[in-house]
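Participant: Quick one, fold the following:
(chains A and B)
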Amino acid sequence: MNMELLARLAFGFYAAVILAGGALAVSSPSLIRAMVGLVTALFGVAGMYLLMDAALVALMQILIYVGAVSVLIFFAIMLAQSSPDGDEAAPASLWEYARSGLVFVVPVGVLALTAVLVPVDSLPLPKHIGPEALGQGLLGPYTLAFELISVVLLAAMAGAVLVAFERRKPR
Amino acid sequence: MSPLSWYQLVAALLLGIGLYGVVSRKTLIGMLIGVELMLNGAGMSMVASAQLTPMDGVLGQLGTLFVMGLAAAEATLVLAIVLVVARRFGNARSDTVSELKG
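Facilitator: Purely as a prediction, here's the structure:
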């Protein structure tokens, strides 16, 4: 079996995982099941990063998204006093389905038509960029962005603590 | 179709699924899940464009890492907002927070 066929099979598998996880994440009546779908889709995206020879990004995807962001969302579900029979279980009207379907179909249709109709030249194999090059980029041309993102994270954390511990004044 | 087009197709689908989630969900947490899916589609598109064209691959990968950091910051803030809304209104549905004053 040659490598190209294996790569195609892996791409199809990851795409199927992403689409199945995404579909579960937006359609399940229970938020916990939606979160499981989200984690599945995130793992699929990590696989896509591996397939694109971006191993560090794949590792960070699992570490940050699967490890941190999804735990945060689980905390949010736990603290939001969810109802046991599913928060999204209320039936939606036909107009709501039509609205959501329209929002899905129009951007995806435009983007997919563009991707199919406009031929783009791409390298046959992804470039190999090791973690050393990424580290030199972080400490070289992109230092400002690197420092700014830590400021943004600090501000977000301080803001979250400030908002969550706010005592409401009695009216 | 080139490999890049296939990757972009999957990324566009991920963006569409996320948009569908943001519009159709009735709770703030469901909408947050949709936003995370959209951000993942964007990241995938960026890495694919950087890795499969002659452009600087470091820029694309670092950009995606920064998007992940911003997503973590955004999820932290949404957690705080959900906490406040749930404490004040009893649930975290998007239509219970429709009043501006009070």
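
Participant: okay, now the residue lying closest to A:L51 once chain neighbours are set aside: neighbour count?
Facilitator: Excluding the flanking residues, the one nearest A:L51 by Cβ to Cβ, 6 or more residues apart in numbering or on different chains is A:A10, at 5.7 Å. Every C-beta, even on glycine, is put in place using the N, C-alpha and C of the backbone. By the criterion of other Cβ atoms under 10 Å in any protein chain shown, A:A10 has 14 neighbours.

Participant: Let me see the domain layout of chain A.
Facilitator: As recorded under automatic domain parsing, the domains making up chain A are A:1-83, A:127-171.

Participant: Is chain B within reach of the last one?
Facilitator: Yes - applying Cβ under 8 Å from any Cβ of the partner chain, one finds that domain A:127-171 is in contact with chain B at A:127, A:129, A:133-134, A:136-138, A:142, A:145, A:149, A:152-153, A:155-157, A:159-161, A:163-164, A:166, A:168.

Participant: can you pull out the helices in chain B?
Facilitator: B:3-24, B:28-51, B:57-89 (DSSP state H).

Participant: typo on my end, chain A
Facilitator: Going by DSSP H, chain A shows helices at A:3-27, A:31-51, A:55-60, A:70-79, A:94-117, A:131-139, A:143-164.

Participant: Dump those to JSON lines, plus mean pLDDT.
Facilitator: Below are those laid out as JSON lines (pLDDT from 0 to 100):
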{"stretch": "helix A:3-27", "mean pLDDT": "92"}
{"stretch": "helix A:31-51", "mean pLDDT": "93"}
{"stretch": "helix A:55-60", "mean pLDDT": "92"}
{"stretch": "helix A:70-79", "mean pLDDT": "87"}
{"stretch": "helix A:94-117", "mean pLDDT": "89"}
{"stretch": "helix A:131-139", "mean pLDDT": "91"}
{"stretch": "helix A:143-164", "mean pLDDT": "92"}
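
Participant: so which of those helices is the most packed in?
Facilitator: Comparing the helices of chain A by mean neighbour count (mean count of other Cβ atoms under 10 Å in any protein chain shown), helix A:31-51 ranks first with a mean of 22.

Participant: In CSV, could you pull the C-alpha coordinates for stretch B:30-38?
Facilitator: The C-alpha trace of stretch B:30-38 is given here as CSV (Å, rounded to 0.1, in the frame of the first residue of the first chain):
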residue,chain,number,x,y,z
GLY,B,30,-24.5,25.9,23.2
MET,B,31,-23.6,29.1,21.3
LEU,B,32,-20.1,29.0,22.8
ILE,B,33,-19.7,25.5,21.5
GLY,B,34,-20.6,26.8,18.0
VAL,B,35,-18.0,29.6,18.3
GLU,B,36,-15.3,27.1,19.2
LEU,B,37,-16.1,25.0,16.1
MET,B,38,-15.9,28.1,14.0
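
Participant: Need the contact partners of stretch B:68-82.
Facilitator: A:60-61, A:64-65, A:68-69, A:72-73, A:75-76, A:79-80, A:149, A:152-153, A:155-157, A:159-161, A:163-164, B:28-29, B:32, B:35-36, B:39, B:43, B:92 (Cβ atoms under 8 Å, 6 or more residues apart in numbering or on different chains).

Participant: Let's see that with 7 Å instead.
Facilitator: The contact list for stretch B:68-82, computed with Cβ atoms under 7 Å, 6 or more residues apart in numbering or on different chains, reads A:60-61, A:64-65, A:68-69, A:72-73, A:75-76, A:79-80, A:149, A:152-153, A:156-157, A:159-160, A:163-164, B:28-29, B:32, B:36, B:39, B:43, B:92.

Participant: any idea how far it is from the chain center?
Facilitator: 11 Å (Cα atoms, centre = their mean, to the nearest Å).

Participant: What are the buried residues along that stretch?
Facilitator: B:68-69, B:71-82 (16 or more other Cβ atoms under 10 Å in any protein chain shown).

Participant: Next: stretch B:89-102.
Facilitator: Neighbour count says stretch B:89-102 has B:A92, B:R93, B:T96 buried, by 16+ other Cβ under 10 Å.

Participant: From A:Y65, how far out is the first one?
Facilitator: Between B:A92 and A:Y65 the distance, using Cβ to Cβ, to the nearest Å, works out to 21 Å.

Participant: One more: the second one?
Facilitator: In this structure, B:R93 and A:Y65 are 25 Å apart, going by Cβ to Cβ.
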